[in-house]
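Participant: Generate a structure from the sequence data that follows.
(one chain, ligands or ions: 3)
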Amino acid sequence: MEEDKVRGKAEPTGWPAKAWSLLSAIRSESPLIQCITNLVSMDLMANTLLSSGASPAMIHSADEIPDFTPHARALCINVGTLSADWLPAMKLAAQFARQSGKPWVLDPVAAGASGFRLKACLELAELKPTVIRGNASEVIALSKASLGPSKGVDSSHESTDAVEAAKSLAQASGAIVAVSGAVDIVTDGERVVGAHNGVPMMQRITATGCSVTALIAAFVAVDPLHALEATVSALSIFGVAGEMGMNLAKGPASLRMHLIDSLYGLDDAVVHSRVSITSFS
Ligand SMILES: Nc1ncnc2c1ncn2[C@@H]1O[C@H](COP(=O)(O)OP(=O)(O)O)[C@@H](O)[C@H]1O
Ligand SMILES: Cc1ncsc1CCOP(=O)(O)O
Ligand SMILES: [Mg+2]
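Facilitator: Ligands and ions are numbered 1, 2, ... in the order given. As a prediction, this is how the structure comes out:
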């Protein structure tokens with residue numbers, strides 16, 4: 001098979017068809033996704049899930065987790081506005097998800113920004129997330145268990161700088177690790193796959209990273225046995241929605257709206273012509 005020098009190896013396994021079948025499953029099954037997330041992202045995350053066809057519930061009280069978490073098809077935990085009083089509920093929900101055989105996804109927002117946050121992320125990573133999705137700086141911090149340099153929630157690194165860190169985090173945690181950026185990198189510690197969709201303006205909207213993590217939870221909910229494929233499909237589909245939205249947007253605020261509309265309206269033809277996923281190893 002011919003090598004594409006820029007994008008890695010040409011993919012023979014029908015990634016667009018896989019991505020479309022998972023999006024179609026979300027639309028038909030409407031999986032319930034529990035989100036324990038930061039105060040910035042709640043609106044965009046819930047609307048991203050709804051426009052994909054999934055059913056979001058932003059439920060974070062420890063008092064409700066024993067009743068509620070076992071009914072969710074997947075759980076998303078995001079530490080963006082972490083405080084000490086939220087952490088026990090996050091850990092409890094992760095434990096209930098594991099006990100009920102449900103996938104859960106960790107977003108280690110700004111993992112390298114403080115000792116408190118890094119320790120919390122490392123403790124959550126020990127509770128066997130199915131997927132960890134962060135930007136490059138977050139994945140490097142978590143993988144090395146060390147602080148910064150950090151711009152807070154934004155990345156100081158390119159996703160391609162974090163391939164080895166992602167592989168070693170995947171091996172240490174047993175999770176699929178996804179590093180978002182211009183190219184989204186996904187690895188199980190051995191295989192490395194890249195999704196090439198999206199537009200740079202997506203970085204100018206707060207909570208796009210958080211929202212794609214929740215979308216990963218929805219994709220993994222409908223295909224829990226193939227978490228790597230589900231993760232890379234979710235990243236690519238979100239990127240395609242960004243590309244379609246960018247055709248109509250004038251800036252970040254209108255891209256936010258058009259991205260959601262585009263995700264809602266994606267069809268088979270657009271997915272097949274736009275999804276760009278390649279294997280790196
Ligand atoms: N330069 C870029 N080109 C295309 N898409 C991008 C680019 N940077 C980020 N994205 C996309 O924006 C979304 C958020 O990623 P990112 O900004 O890395 O996360 P975070 O907000 O957690 O730092 C992802 O879907 C990612 O693919
Ligand atoms: C700005 C901000 N501050 C704490 S959480 C948050 C949102 C981060 O969202 P994302 O990681 O998707 O950029
Ligand atoms: Mg983030």
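
Participant: Need the nearest residue in space to the residue of the stretch 51-200 of the chain found nearest ligand 1, chain neighbours excluded.
Facilitator: Residue nearest to ligand 1 within the stretch 51-200 of the chain (C-beta to the nearest ligand atom): G198, separated by 2.6 Å. Quick note: C-beta positions are derived from backbone N, CA and C, even for glycine. Using C-beta to C-beta, 6 or more residues apart in numbering and skipping residues adjacent in sequence, the residue nearest G198 is G239, 3.3 Å away.

Participant: how close does that neighbour sit to G251?
Facilitator: From G239 across to G251, the span is 19 Å (C-beta to C-beta, to the nearest Å).

Participant: So if I had to pick from these two, which one is more boxed in?
Facilitator: Between G239 and G251, G239 has the larger neighbour count (other C-beta atoms under 10 Å), namely 25 against 10.

Participant: Mind checking what secondary structure the more buried one has?
Facilitator: Counting by DSSP: H, G, I helix; E, B strand; the rest coil, the backbone at G239 sits in helix.

Participant: Next one: it from L122, what distance?
Facilitator: If you measure G239 against L122 using C-beta to C-beta, the figure is 29 Å.

Participant: do Y264 as well
Facilitator: 37 Å.

Participant: One more: L22?
Facilitator: Distance of L22 to L122, given as C-beta to C-beta: 30 Å.

Participant: Counting neighbours, go ahead and name the busier of those two.
Facilitator: L22 (23 against 15).

Participant: Next up, phi/psi of that one, please.
Facilitator: Per-residue torsions, L22: phi -70, psi -40 (degrees, to the nearest 10).

Participant: For it, which residues are in contact?
Facilitator: Neighbouring residues of L22 by C-beta atoms under 8 Å, 6 or more residues apart in numbering: F219, V222, D223, E229, A230, S233, A234, I237.

Participant: same thing but at 10 Å, please
Facilitator: By C-beta atoms under 10 Å, 6 or more residues apart in numbering, the contact list for L22 reads 52, 218-223, 226, 229-230, 233-234, 237.

Participant: ditto for E164
Facilitator: Applying C-beta under 10 Å, 6+ apart to E164 gives the contacts I140, S143, T187, V192.

Participant: and the next element down the chain from the host helix or strand of it?
Facilitator: Assigned by DSSP states H and E, E164 falls within helix 163-173. The helix or strand immediately downstream of helix 163-173 is strand 176-180, counting by DSSP H and E.

Participant: right, is the following helix or strand past that following strand up against ligand 2?
Facilitator: With elements assigned by DSSP H and E, the helix or strand that comes after strand 176-180 is strand 184-187. No: residues of strand 184-187 contacting ligand 2 under C-beta under 6 Å from any ligand atom: none, with a closest distance of 13.4 Å.

Participant: quick revisit: and which of the contacts of L22 is nearest W104?
Facilitator: Checking the contacts of L22 against W104 with C-beta to C-beta, the nearest one is V220 at 8.7 Å.

Participant: and the closest one, that's in a helix?
Facilitator: Yes: secondary structure of V220 (three-state DSSP): part of a helix.

Participant: State the distance from it to V186.
Facilitator: From V220 to V186 the distance is 12 Å (C-beta to C-beta).

Participant: where along the stretch 1-150 of the chain do the helices fall?
Facilitator: Secondary structure of the stretch 1-150 of the chain (DSSP state H, counting those that start in this stretch): helices at 15-29, 42-52, 65-68, 87-99, 115-125, 136-144.

Participant: List the contacts of the fifth one.
Facilitator: It refers to helix 115-125. Outside of helix 115-125, the residues within contact range by C-beta under 10 Å, 6+ apart are 77, 79-80, 82-84, 86-87, 90-91, 94, 104, 106-112, 114, 132, 134, 138, 141-148, 150, 169, 172-175, 177.

Participant: where does this protein come near ligand 1, residue by residue?
Facilitator: Residues of the chain lying near ligand 1 (C-beta under 6 Å from any ligand atom): 135, 154-155, 180-182, 184, 198-200, 202-203, 208-209, 212, 235, 238-239.
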